[in-house]
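Participant: Output the structure for:
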Amino acid sequence: MHMDLVAALDIGGTKIAGALVDGRGRILLRAQRPTPAREDGDTVMRAVEAVLGELTSGELWGRVTALGIGSAGPVDASAGTVSPVNVPGWRGYPLVERVRAVTGGLPVELVGDGVAMTAAEHWQGAARGHDNALCMVVSTGVGGGLVLGGKLHPGPTGNAGHIGHISVDLDGDPCPCGGRGCVERTAIGPNIARRAVENGWLPGPDGDTSAAAVASAARAGDPVAVASFERAAQALAAGIAATATRVEIDARGDRRGSGEGGRPPLHTAAPRPGELRHALLRPPPDRDTRGDRHRRGPWSARRAALGGAAATGRWGWPGRW
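Facilitator: Numbers count the residues shown, from 1 in each chain. Coordinates of the predicted model:
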């Protein structure tokens, strides 16, 4: 007897990825396209359709019972629409309706990408076994999601736990979300680099002013580069502390992505873990995936697929909201 599968979509400002996943979290098929983020909405949707086309063209598609979408936000799960800050062509875009049309009316579940990531961490990753957790990602954006009382907590619109848009500086820079001084405006790689340059940091002979270059300078002890990372760490710490105070999390899991320039030294500037009363969690060890051809590869890549899959709740996953 063949096990049912679910399809998953991970939609961000850099790439659109899709996968078919079984109930044990094995990824049986993948597809990916670059996100034409600066193009009009229909062009972006064509990239989504290309990914879905690869997933639907094989024999495995006949076993798919639902599709989960984790999208850059904000999203509105109740309306089935998305308005990613980093995809200007999608504002109130009816993504669920369009995906259903492409997949022949398949049931579709939409959540923010931070919530999807949290679903994956609670199902098979760093937050597994924890009843109350904040999971977050710091890359070209700052996303997050919550597990409360042992269950994923997406909120009515699918955006709960979006730590990147907590305001930590009421007089800070305007954010595309409409707020000011959001964590994301302070802590992401491009803004770390911008702040360093504005405060007098000088690049090397190659003229590289990327976050990666600023991170290298900070590791070497450049005071302006270090100060920019310290400011980012303070913003992240404030967002974490505010969330922990409101919902009493007992664990915090995080990852840093390429948008920050290759694991820059945020941890060197952050407050001591005890001050926030959190446990810094790690992704599952490599041994979890050895010998299983369907689960090899970086956890961050697998997590995107597992998050959308977990969000469908098709296998009685105990963390389903």
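Participant: pLDDT weak spots in the stretch 1-150 of the chain?
Facilitator: 1-2 (pLDDT under 70).
Participant: and if we set it to 90?
Facilitator: Residue ranges of the stretch 1-150 of the chain with pLDDT under 90: 1-4, 12-14, 23-26, 58, 72-74, 84-86, 111-131, 133, 135-144, 150.
Participant: ok, which stretches of it are helices?
Facilitator: 41-56, 95-102, 113-124 (DSSP state H, counting those that start in this stretch).
Participant: Format those as CSV; extra columns: mean neighbour count and distance to Gly149.
Facilitator: From N, CA and C alone the C-beta is placed, and that goes for glycine too. Formatted as CSV, the helices of the stretch 1-150 of the chain follow (neighbours: other Cβ atoms under 10 Å; distance: least, Cβ to Cβ, whole Å):
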stretch, mean neighbour count, distance to Gly149
helix 41-56, 18, 34
helix 95-102, 18, 27
helix 113-124, 30, 12
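Participant: Out of those helices, the one nearest Gly62 is which?
Facilitator: helix 41-56 (9.7 Å; Cβ to Cβ).
Participant: circling back: could you dump the helices of the stretch 1-150 of the chain into JSON lines with distance to Ile192 added?
Facilitator: Formatted as JSON lines, those follow (distance: least, Cβ to Cβ, whole Å):
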{"stretch": "helix 41-56", "distance to Ile192": "27"}
{"stretch": "helix 95-102", "distance to Ile192": "31"}
{"stretch": "helix 113-124", "distance to Ile192": "20"}
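Participant: Ok, which of those comes nearest Arg231?
Facilitator: Closest among the helices of the stretch 1-150 of the chain, using Cβ to Cβ: helix 113-124, at 22.2 Å.
Participant: Packing partners of that closest one?
Facilitator: Secondary-structure packing of helix 113-124 (3 or more Cβ pairs under 8 Å, 6 or more residues apart in numbering; DSSP states H and E): strand 5-11, strand 64-71, strand 133-138, strand 142-148, strand 151-152, helix 299-311.
Participant: can you give me the helices for the stretch 151-300 of the chain?
Facilitator: 183-187, 189-198, 211-219, 223-247, 273-276, 299-311.
Participant: and the ones you listed, which one is worst for confidence?
Facilitator: Ranked by mean pLDDT, these end with helix 273-276 in last place, scoring a mean of 36.
Participant: hmm, back to that, tell me which of the helices of the stretch 151-300 of the chain sits nearest to Gly125.
Facilitator: Closest approach to Gly125 among these (Cβ to Cβ): helix 299-311, 6.4 Å.
Participant: could you dump the helices of the stretch 151-300 of the chain to a markdown table with distance to Pro174 and mean neighbour count?
Facilitator: Formatted as a markdown table, those follow (distance: least, Cβ to Cβ, whole Å; neighbours: other Cβ atoms under 10 Å):
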| stretch | distance to Pro174 | mean neighbour count |
| --- | --- | --- |
| helix 183-187 | 8 | 27 |
| helix 189-198 | 12 | 20 |
| helix 211-219 | 21 | 22 |
| helix 223-247 | 15 | 20 |
| helix 273-276 | 28 | 12 |
| helix 299-311 | 29 | 27 |
